[in-house]
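K.L.:
what would the 3D arrangement of this be:
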Amino acid sequence: MDTIMTLCTCIETEKTILLSRRSPLKGELLSFVRGLTKGNLSLKLSTVALSDAGRYRCSIHTDKLQKSCYVNLTVGESKVIGSHDPVTVRVGYDVILPCHLEPPFDVRTLTVKWTRNKTVVHVSRHGKDYLNDQDENFRNRTSLFHEEMTNGNISLKLTKVTELDAGSYTCNVPCLQSQVRRGFINLTIEPADQTETKQSE
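P.N.:
Sure thing, here's the model as predicted:
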């Protein structure tokens, strides 16, 4: 059987990643090398940084074959995106204020802060909630989707909405390496349905 070697080089920075079926690899790299038998030469690059941008060369060398191809990697900054349209909800209902990073970016190691008119609504640091400074009006009524933070989802769920919740909300990732660290969402509140109110009485 031919020895297959995958050589991936970042040309601009002269970095080389060498993978071979004869190399003592473990875990994810081992699964990657096993995929070579099916012709899959893809390379997964985790925790991408701006410095990773550049032109990459993937080369395959066997006893009978030598081929190369090139891939240009562009690394952009993620931006915090709120909602251009106002979010409307009726009194007493739950609502999700949408906010995310585009392109998707894992924010579990960063601080995510929600405010309304400078009032602290919800704070998360390193994937954990820190609510000591949370305004009393929002106590026990806010939550984030922590399991989706790996994909840049920092939307806020607000339960049992009241008329006092109306206003302009800001989702902020202060330590994000980006020029756009804030997203804005305007929440409008509709009065409770009178029919439902009478039935509940």
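K.L.:
what sits against the most centrally placed residue in the chain?
P.N.:
Nearest to the mean C-alpha position of the chain, by C-alpha atoms, centre = their mean, lies Gly152 at 1.9 Å. Neighbouring residues of Gly152 by C-beta atoms under 8 Å, 6 or more residues apart in numbering: 78, 100-107. Quick note: C-beta positions are derived from backbone N, CA and C, even for glycine.
K.L.:
farthest pair in the residues you listed?
P.N.:
Glu102 and Asp106 (13.4 Å; C-beta to C-beta).
K.L.:
picking that back up, need the buried ones from the contacts of Gly152 selected in PyMOL.
P.N.:
Selecting only the buried entries of the contacts of Gly152 in PyMOL, with 16 or more other C-beta atoms under 10 Å as the criterion:
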select buried, resi 78+100+101+105+107
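K.L.:
and which of the contacts of Gly152 is nearest Glu190?
P.N.:
For those, the nearest to Glu190 is His100 (25.2 Å; C-beta to C-beta).
K.L.:
tell me the spacing between the closest one and Asn137.
P.N.:
Using C-beta to C-beta, to the nearest Å, His100 is found at 25 Å from Asn137.
K.L.:
now Val161: how far from Pro103?
P.N.:
31 Å.
K.L.:
would you mark the buried spots in stretch 131-144?
P.N.:
For stretch 131-144, by 16+ other C-beta under 10 Å, it's 134, 138, 141-142, 144.
K.L.:
just curious, which of the residues you listed is nearest to Leu41?
P.N.:
Leu144 (38.3 Å).
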